[in-house]
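K.L.:
3D, please:
(one chain, ligands or ions: 1)
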Amino acid sequence: MNALDHVALQGGGKVITLEQFIIERQAEFPYATGELSRLLRDIGLAAKIINREVNKAGLVDILGITGEQNIHGEDVRKLDVFANRELIRALSRGGECCVIASEEEKDILFVPGSTGKYIVLIDPLDGSSNIDANVTIGTIFSVYRRRSQEDSPEALRRDVLQPGNRQVAAGYVVYGSSTMLVYTTGHGVNGFTLDPSIGEFLLSHPSIQIPKRGKIYSINQGYFRFWEAGMQRYIEYLQEEDKSTGRPYSLRYVGTLVADVHRTLLYGGIFLYPASRKDPRGKLRLMYEANPMAFIIEQAGGRATDGRRRILDIEPESLHERTPLILGSEADVLEVERFLQEAERTAL
Ligand code: P6P
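P.N.:
Now for the predicted structure:
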């Protein structure tokens, strides 16, 4: 069954493109004058261009590393550079975006001459270390409205560091067995599957809701020894046999945040990248990984915390700051929080 058949079955035969959907839903915005719609279309266009390169990466000289390292000391891959450039180009050309922040850029980028109202933060190619093994990778984006009218770099820099609860949109593209764009503007979560034969994202997963509890946990178990006691106990608890609580859970871990979150969103369960002795603040980035994913998961009826605090309420201090990230089905996230609290109590 191709994407069109799937969509036809889902939507009672009506095929809705991303562009049509955005325009139809535009009325949900009290201040909607079309800018956010145009911004989302710009992102969708960049995603198609990146998808084309991802799909042929093994055939042209775009695989492998550039020999450079990014600001985090990670090997920069040619596809990272390509994805970053395409997104910056699409967002700059669209005119709706005044500032862009990217995992691949040390500092924020001011879009010259822009009078746009929006600030966009991107992880252009999440999971890029998996590219050469043909494992699923993704793009993540997070959108805020600028708060200040002042055009100074200082004012715009402050506008970038807003808590996740002020996002106006967030989404990801998952380049997997099919390419999907999943996003929210605060009115639920919708998924679109790219039909390469017509070059359109088609509504394939309307109003996504995450199951209240799942049976899959997703964590890099290799770091078990580095976790706090409560996390160790929780992961051991999931492996015990108890049919009444659906245990043991299955472990699924791709090692690409977008892939692991997408599966958790659709199937339920829990994704965890906790703090550890190895990474005291966790590994994932608050502004362009944790916040957008948390917004999506909450909009789908799930929960997202750092183990103690709601991710979306964290006041950011710096652009590339890291945070522990635990998200997924509400019952599962509440359960691990109880294990962490209990371990803290008994440690006192
Ligand atoms: P680890 C990919 O490099 C990434 O940034 C996320 O996409 C992913 O969730 C995480 O790192 C995987 O990290 O330490 O398990 O390899």
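K.L.:
just the helices in the stretch 1-150 of the chain please.
P.N.:
Here the stretch 1-150 of the chain has its helices, by DSSP state H, counting those that start in this stretch, at 3-10, 18-25, 35-55, 78-94.
K.L.:
Ignore what I typed, I meant the stretch 201-348 of the chain.
P.N.:
229-238, 257-267, 291-299, 330-347.
K.L.:
okay, the last one in PDB with CA atoms only?
P.N.:
To tie it back to what came earlier, the one meant is helix 330-347. Output of helix 330-347 as PDB, limited to C-alpha atoms (Å, rounded to 0.1, in the frame of the first residue of the first chain):
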ATOM      1  CA  GLU A 330       2.100   9.500  30.800                       C
ATOM      2  CA  ALA A 331       1.800   6.500  33.100                       C
ATOM      3  CA  ASP A 332       5.300   5.300  32.200                       C
ATOM      4  CA  VAL A 333       6.900   8.700  32.800                       C
ATOM      5  CA  LEU A 334       5.100   9.200  36.100                       C
ATOM      6  CA  GLU A 335       6.400   5.800  37.100                       C
ATOM      7  CA  VAL A 336      10.100   6.500  36.500                       C
ATOM      8  CA  GLU A 337       9.600   9.800  38.400                       C
ATOM      9  CA  ARG A 338       8.300   7.900  41.400                       C
ATOM     10  CA  PHE A 339      11.400   5.600  41.200                       C
ATOM     11  CA  LEU A 340      13.700   8.700  41.200                       C
ATOM     12  CA  GLN A 341      11.900  10.400  44.100                       C
ATOM     13  CA  GLU A 342      11.800   7.200  46.100                       C
ATOM     14  CA  ALA A 343      15.600   6.600  45.600                       C
ATOM     15  CA  GLU A 344      16.300  10.200  46.700                       C
ATOM     16  CA  ARG A 345      14.100   9.700  49.800                       C
ATOM     17  CA  THR A 346      15.900   6.600  50.900                       C
ATOM     18  CA  ALA A 347      19.300   8.100  50.200                       C
END
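K.L.:
Which strands or helices does that helix pack on?
P.N.:
Contacts defined by 3 or more C-beta pairs under 8 Å, 6 or more residues apart in numbering; DSSP states H and E place helix 330-347 against helix 229-238, strand 270-273, strand 303-305, strand 325-328. In this view, the C-beta of every residue, glycine as well, is placed from N, C-alpha and C.
K.L.:
One more pass at 6 Å, please.
P.N.:
helix 229-238 (3 or more C-beta pairs under 6 Å, 6 or more residues apart in numbering; DSSP states H and E).
K.L.:
mind listing what Leu121 touches?
P.N.:
Going by C-beta atoms under 6 Å, 6 or more residues apart in numbering, Leu121 touches Ala101, Ser142, Met287, Tyr288.
K.L.:
In a markdown table, list those residues along with pLDDT and neighbour count.
P.N.:
Below are the contacts of Leu121 laid out as a markdown table (pLDDT from 0 to 100; neighbours: other C-beta atoms under 10 Å):
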| residue | pLDDT | neighbour count |
| --- | --- | --- |
| Ala101 | 97 | 21 |
| Ser142 | 98 | 28 |
| Met287 | 98 | 26 |
| Tyr288 | 97 | 24 |
